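Colleague: Model the structure of this input:
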Amino acid sequence: VSTFASVPLAPGSISPELDQTSAVVRLFAVHDGERVHVLPGGTGRVLAPGDDPAEPTACTAKDIWVLGWTPAPVVEPPRLPQVDFGRSVPTRAADALYWTNRAAERAEAMARTMRVVSARLEQDPGLATMSSGAWCERMGSMTDRIMRRPVGEPLGSGVDLAARLSEVGDAVAAEIGLLLTEATTVREFLSVTTGRVLSHLAELRASLQRHVTVVDDLDAVLADFAAIAGLWQESTVRGPAWRIGDTGRRLERCLVVLDLLEGALDLDRQRSEAVAPVLEVLLAANDSLVAYRRRHRSEIEPALAVRLLVDDTSNPRSLAASIERLAEHVADGEGALGDGFVESARASLALPVDRMIPELRALVETAGIGHGGVDWDCAGGVAGTVARDVSNVEDWCLSGGTQSVITDFDDWSSIGSLAQASASR
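Modeller: Residues are numbered from 1 along each chain as shown. Down below sits the predicted model:
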């Protein structure tokens, strides 16, 4: 066709401005050997003024698809069946969740012990000299135990105790560093709010490292730990990941109670006038003093205090309550605790305190070994250290041998940098 009666107009332009222009469409056809098939589209050419449609001179062109008068069918790709990954927890993630909760429980216990002892000493400086330093001696034993180190020389004065509390602050800061290191590797299991709380906790950690912590700072640290525990309970789906993390928390809580009991209840060496003040610190350090005061209006008695921390399942800080929670996890399929752990732990609670402490400690520590994990290097190989060893934290490796990148939000990024700084110290 060499001539047209009229050339159709379409929106187009051969200049920067949009206008009505003459346009033609060059169609394409394919011969299959028998028939000719016209393809649903072509090349559109804008005609310059005076152009012959058969021989356009303008260089403006665009692919055009002709859909016709009927709507084009919408082709939907086949939908894959939905897969539920709720019961899938990578080994590295399970390891990190376990140690995150253990580190949180231990750091909270150390911070609370530091806060209670500091407040008591500030309110009543005379405690330091009570019964020739008996109270100071017990506080030294409790702080050594809560830091998981052998009991050293007895503290003889308030100055010695203040220096010991500074060491507890360093231990709290180190434990927070471990918590942050592990938490950043499993942020997909934690809520955004948890990330913000951890970011604030990282800031408070700096004051502990500078030894400028006051009681109000410790209150803020404890509030953050309470928020983390609450978010873990209320914002984590009750699946394998939650059971693994909660198992770590309950095992560590058992060890915390045993450590503080062992440090406080050395009754053979205890002067009678120092018993009540020591028991008051013991209950407060286990966040159980209010529960005791609620039930008993008299002076604190050793037997009642021990019963509240050991046998009372209604007290969530007690050994019995933690063991019952672990029994629930075993019933739900948490097999890493080992056969017979719950029955043996329950039986140990019936023993006298001096026998119960070492026996239950051995059970808990053995159960904890079942959850021990390994660290991975960036080649995907085993580095040969348990998950708490953060010596290669700068690699931020995943078990697949790929680099972990913290990009969720600014709070996680700041946590990562602070955790790396912690490891370098």
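Colleague: Low-confidence regions, the chain specifically.
Modeller: Along the chain, segments meeting pLDDT under 70 span 1-19, 58-59, 64-77, 83-88, 212-214, 266-272, 335, 369-425.
Colleague: Strands of that one, start to end?
Modeller: Assigned by DSSP state E, the chain shows strands spanning 9-12, 19-31, 36-46, 61-65.
Colleague: In JSON lines, list those strands along with distance to Asp339.
Modeller: Every C-beta, even on glycine, is put in place using the N, C-alpha and C of the backbone. Putting the strands of the chain into JSON lines (distance: least, CB to CB, whole Å) gives the following:
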{"stretch": "strand 9-12", "distance to Asp339": "78"}
{"stretch": "strand 19-31", "distance to Asp339": "73"}
{"stretch": "strand 36-46", "distance to Asp339": "70"}
{"stretch": "strand 61-65", "distance to Asp339": "68"}
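Colleague: how about these in a markdown table, adding mean neighbour count?
Modeller: Converted to a markdown table, these look like this (neighbours: other CB atoms under 10 Å):
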| stretch | mean neighbour count |
| --- | --- |
| strand 9-12 | 13 |
| strand 19-31 | 14 |
| strand 36-46 | 14 |
| strand 61-65 | 11 |
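Colleague: and of those strands, who's closest to Arg92?
Modeller: Arg92 sits nearest to strand 61-65 of all these, at 49.3 Å, using CB to CB.
Colleague: show me what contacts Ala226?
Modeller: Ala226 is in contact with Glu108, counting by CB atoms under 8 Å, 6 or more residues apart in numbering.
Colleague: where's it relative to Asp287, distance?
Modeller: 9 Å (CB to CB, to the nearest Å).
Colleague: just Leu178 next, same as before
Modeller: The gap separating Leu178 from Asp287 is 22 Å, by CB to CB.
Colleague: Gly338 too?
Modeller: Distance from Gly338 to Asp287, by CB to CB: 29 Å.
Colleague: neighbour count winner among the two?
Modeller: When Gly338 and Asp287 are compared for neighbours, Asp287 comes out ahead with 17 against 14, by other CB atoms under 10 Å.
Colleague: Verify the stated contact: the more buried one with Ala111.
Modeller: No. Assessed by CB atoms under 8 Å, Asp287 is found out of contact with Ala111, at 11.3 Å.
Colleague: So which residue is smack in the middle of the protein?
Modeller: The chain has Ala183 as the residue nearest its centroid, 3.7 Å off, counting by CA atoms, centre = their mean.
Colleague: what's the distance between that one and Pro240?
Modeller: For Ala183, the distance to Pro240 - CB to CB - is 18 Å.
Colleague: burial measure for Ala229, as a count.
Modeller: Neighbour count for Ala229, taken as other CB under 10 Å: 15.
Colleague: Which residues are in contact with it?
Modeller: Contacts of Ala229 by CB under 8 Å, 6+ apart are Ala104, Glu108, Arg249.
Colleague: any chance you could map the helices in the stretch 101-250 of the chain?
Modeller: Ranges of helices in the stretch 101-250 of the chain, per DSSP state H, counting those that start in this stretch, are 134-146, 158-183, 192-209, 215-235, 240-264.
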